[in-house]
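Participant: Structure for this input, please:
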Amino acid sequence: MDISELRVRLEQHRQSHLLQFWDGISPEDQKTLFDDLSSIDIDRVCQYFGKATTGLKEAQTKSDDRLEPVPDSVCGSTSRMTSTEQRSIFDSGLRLIAEGKVAAVLLAGGQGTRLGVPYPKGMYNVQLPSAKTLYHLQAERLLKLQELAFKLTNQRGVIPWYIMTSEHTKEKTIRFFQQHNYFGLSAENVVVFEQHMLPCFTFEGQIILADKHKVARAPDGNGGLYAALAASDIISDMRRRGVECMHAYCVDNILVKMADPVFVGFCHQRSADCGAKVVEKAIPTEAVGVVCQVDGHYEVVEYSEIALSTAERRRDDGRLTFNAGNICNHYFTTDFIESIAKQYDEQLQHHVAKKKIPFVNEEGVVSTPTVPNGIKMEKFVFDVFRFSKNFAVLEVLREDEFAPLKNGPSAAKDSPAACRTALLNQHYRWVLAAGGKFMGHDGTVLPLIPARPSSMPRTQEIDCEVSPLASYGGEGLEELCSGKILTAPAHVTPERIVTEEELLGASPAKQGKRE
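Facilitator: Residues are numbered from 1 along each chain as shown. Coordinates of the predicted model:
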């Protein structure tokens, strides 16, 4: 170990404090720290910090006259398509799946810290009647899509599932899938890879020590996808399999339609190299980023960067001018992803995330701050939009496709209970549309609108879950549900409807527990 050379390098970048405990730690810890520091390109990460903090100031002063809404020419909307149009696009997406040209890319690097659990979000159970986790639901949606594609084309296409994890989630994710036999998928088609980690900084630009012999690090954001795909040879694997396009999404959206044939078919028919699914903003001040144009390039602009007067602007039809709410649901061609990894990744800006980062103080004691004390640097997956040569936007209905799990059980918004309600309400609508009806415990037929008054205590009266193996998006339920009267809770599987007695006879799932 050439500690003298390392000291000089650290001093050149005002990081000599990283060796402040060197003389007092064991030889083993000295080697750990030396290897940790030697693995960091100090010059590069310090440049990242400088650019990120400068970029933060520029974002805060972004002029609204540089913003333009997404032009209608690149937009589509599922709610404005006829059923015939939507079915045609859906079938075109299924054909691509049958030909093995579509992959699903899951962004799953985050832990369940805000949910109050020590494991990855994908392993979370929101207390569905089936007790399925997010990973389980998503795996079965892929299985169903492959089945639908085969029924349409008589070709057995595979949707490879690429799961980007982090240092904190990779091993737990792999073990979880192994323990559950990949939920029916072939192990070779579930590819887990790891994104890069970056050092955390103080607001003054010093790298933080997590312990006397260890640097504090954090995942480099979902925009670290492109470098991770290249470093893990995932792009080569896609080429080998014949994958031409992919649908990338975040793990926490319980309603996500991964590898969605409508989205894939829509973008493919328009020869798009990059695309975004959006939902219409509910109100001008909704805390969601907006897909728009900045200086003629497509970007996602955070709600905090848009003046209220601009956010409140409306079109002639009364809709918000800047209404394309980003839901981290994106389409990319393999060619586009490869060009980003090879040519543009270093041009992607790191963004500042002010966080409470555990650190070792001057006395050598590890402390957990109660207020943000440092910066994590993150790239955003959508920052590549500006490199697109043919961009596409598809607006979908929020109640059909967006219910994120962001917060713990006590939160009023984006909580496990809110996600559970969103999914069960959707499935309730599916059963009604397929000709089924529901009866309450008092013998009365339940209303067609699956709403629960705020004054009504928590019950299971409208709890209806449809297995993804029975239906991907509400299709094909007539044979199971038409003319049937169900008593909730009910679980619709491909074979039959599991009754209330069977569900209540099973051991009840506990909030936040894994399968």
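
Participant: Was I right to think residue 24 contacts residue 213?
Facilitator: No. The criterion here is C-beta atoms under 8 Å, and residue 24 misses it with residue 213 at 10.3 Å. C-beta here means a position set from N, CA and C on the backbone, and glycine is covered the same way.

Participant: Those two - which one has more neighbours?
Facilitator: residue 213 (21 against 10; other C-beta atoms under 10 Å).

Participant: how far away is the more buried one from residue 405?
Facilitator: With distances taken as C-beta to C-beta, to the nearest Å, residue 213 is found 35 Å from residue 405.

Participant: how distant is stretch 68-87 from the center of its chain?
Facilitator: Distance, stretch centre to chain centre, for stretch 68-87: 23 Å (C-alpha atoms, centre = their mean, to the nearest Å).

Participant: end-to-end on that stretch?
Facilitator: 32 Å (C-alpha to C-alpha, to the nearest Å).

Participant: Report the residue spans of the stretch 351-500 of the chain with pLDDT below the cut-off.
Facilitator: Applying pLDDT under 70 to the stretch 351-500 of the chain picks out residues 449-461, 499-500.

Participant: Could you tell me the model confidence score at residue 54?
Facilitator: Residue 54 is assigned a predicted lDDT (pLDDT) of 86.

Participant: Tell me who's in contact with it.
Facilitator: Taking C-beta atoms under 8 Å, 6 or more residues apart in numbering, we find residue 54 in contact with no residue.

Participant: Which of the three states applies to it?
Facilitator: helix (DSSP: H, G, I helix; E, B strand; the rest coil).

Participant: What of residue 176?
Facilitator: helix.

Participant: Over to residue 443?
Facilitator: Assignment for residue 443 (three-state DSSP): coil.

Participant: Residue 432 too?
Facilitator: The three-state assignment at residue 432 reads helix, by three-state DSSP.

Participant: So the nearest residue in space to it that is not next to it in sequence, which state does it fall into?
Facilitator: Distances taken as C-beta to C-beta, 6 or more residues apart in numbering place residue 448 nearest to residue 432, at 6.0 Å, with adjacent residues excluded. Judged by three-state DSSP, the three-state class of residue 448 is coil.

Participant: and stretch 153-162, how far apart are its ends?
Facilitator: Using C-alpha to C-alpha, the two ends of stretch 153-162 sit 24 Å apart.

Participant: Give the buried residues for that stretch.
Facilitator: By neighbour count on 16 or more other C-beta atoms under 10 Å, the buried set for stretch 153-162 is 157-162.

Participant: What average pLDDT does it get?
Facilitator: Here the average pLDDT along stretch 153-162 is 97.

Participant: contacting residues around it?
Facilitator: 94-95, 97-106, 139, 142, 145-146, 149-150, 185-186, 189-191, 193, 229, 234, 237-238, 241, 243, 246, 259.

Participant: Give the ChimeraX command for selecting the buried subset of the residues you listed.
Facilitator: ChimeraX command restricting the contacts of stretch 153-162 to the buried ones, with burial defined by 16+ other C-beta under 10 Å:
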select :94,95,97,98,100,101,102,103,104,105,106,139,142,145,146,149,185,189,190,191,193,229,234,237,238,241,243,246,259
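
Participant: how close does the one residue sitting closest to the centre of the chain sit to residue 238?
Facilitator: Most central in the chain under C-alpha atoms, centre = their mean is residue 250, positioned 0.8 Å from the mean C-alpha point. Residue 250 is 20 Å from residue 238, where distance means C-beta to C-beta.

Participant: now residue 123
Facilitator: Applying C-beta to C-beta, the value for residue 123 to residue 238 is 26 Å.

Participant: The residue lying closest to the residue nearest to the centre of the chain once chain neighbours are set aside: which element?
Facilitator: Nearest non-adjacent residue to residue 250, counting by C-beta to C-beta, 6+ apart: residue 328, 4.5 Å away. Assigned by DSSP states H and E, residue 328 belongs to strand 324-333.

Participant: what's the offset of the following helix or strand past that strand from the middle of its chain?
Facilitator: Under the assignment DSSP H and E, the closest C-terminal helix or strand after strand 324-333 is helix 334-339. In this view, helix 334-339 has its centroid 20 Å away from the chain centroid, taken as C-alpha atoms, centre = their mean.

Participant: other SSEs contacting helix 334-339?
Facilitator: Here helix 334-339 touches helix 225-231, helix 234-241, strand 245-250, going by 3 or more C-beta pairs under 8 Å, 6 or more residues apart in numbering; DSSP states H and E.

Participant: any idea of the mean pLDDT for that helix?
Facilitator: 98.

Participant: Can you give me the buried ones in it?
Facilitator: For helix 334-339, using 16+ other C-beta under 10 Å, the buried residues are 334, 336-339.

Participant: can you pull the contacts of the residue nearest to residue 250?
Facilitator: 107, 222, 249-250, 253, 381-382.

Participant: Can you tell me which of those residues has the most neighbours?
Facilitator: Counting neighbours by other C-beta under 10 Å, residue 249 leads the contacts of residue 328 with 26 neighbours.

Participant: measure the closest residue to residue 115 other than its chain neighbours to residue 417 for me?
Facilitator: Nearest residue to residue 115, sequence neighbours excluded (C-beta to C-beta, 6+ apart): residue 408, at 5.3 Å. Computed as C-beta to C-beta, the residue 408 to residue 417 distance reads 10 Å.

Participant: Torsion angles phi and psi at residue 192?
Facilitator: Dihedral angles of residue 192 (phi, psi; degrees, to the nearest 10) stand at phi -100, psi 130.

Participant: could you pull out the strands for the stretch 1-150 of the chain?
Facilitator: 67-69, 75-77, 102-107 (DSSP state E, counting those that start in this stretch).

Participant: out of those strands, nearest to residue 285?
Facilitator: strand 67-69 (16.4 Å; C-beta to C-beta).

Participant: average model confidence for that closest one?
Facilitator: Mean per-residue pLDDT for strand 67-69: 94.

Participant: quick one on the thing from earlier: can you get me a residue count around the residue nearest to residue 432?
Facilitator: Look at residue 448: counted by other C-beta under 10 Å, it has 12 neighbours.

Participant: Tell me the spacing between it and residue 436.
Facilitator: For residue 448 relative to residue 436 (C-beta to C-beta), the value is 11 Å.

Participant: Output the helices and strands packed on helix 334-339 as JSON lines; include the columns mean pLDDT.
Facilitator: Listed next are those as JSON lines, based on pLDDT from 0 to 100:
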{"stretch": "helix 225-231", "mean pLDDT": "95"}
{"stretch": "helix 234-241", "mean pLDDT": "98"}
{"stretch": "strand 245-250", "mean pLDDT": "98"}
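
Participant: Including distance to residue 135, could the ones you listed go into JSON lines?
Facilitator: As requested, the helices and strands packed on helix 334-339 are exported to JSON lines (distance: least, C-beta to C-beta, whole Å):
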{"stretch": "helix 225-231", "distance to residue 135": "19"}
{"stretch": "helix 234-241", "distance to residue 135": "19"}
{"stretch": "strand 245-250", "distance to residue 135": "13"}
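
Participant: so which of these comes closest to residue 34?
Facilitator: helix 225-231 (23.4 Å).

Participant: counting contacts, what elements does that closest one pack onto?
Facilitator: Going by 3+ C-beta pairs under 8 Å, 6+ apart, helix 225-231 lies up against strand 161-165, strand 190-194, helix 334-339.
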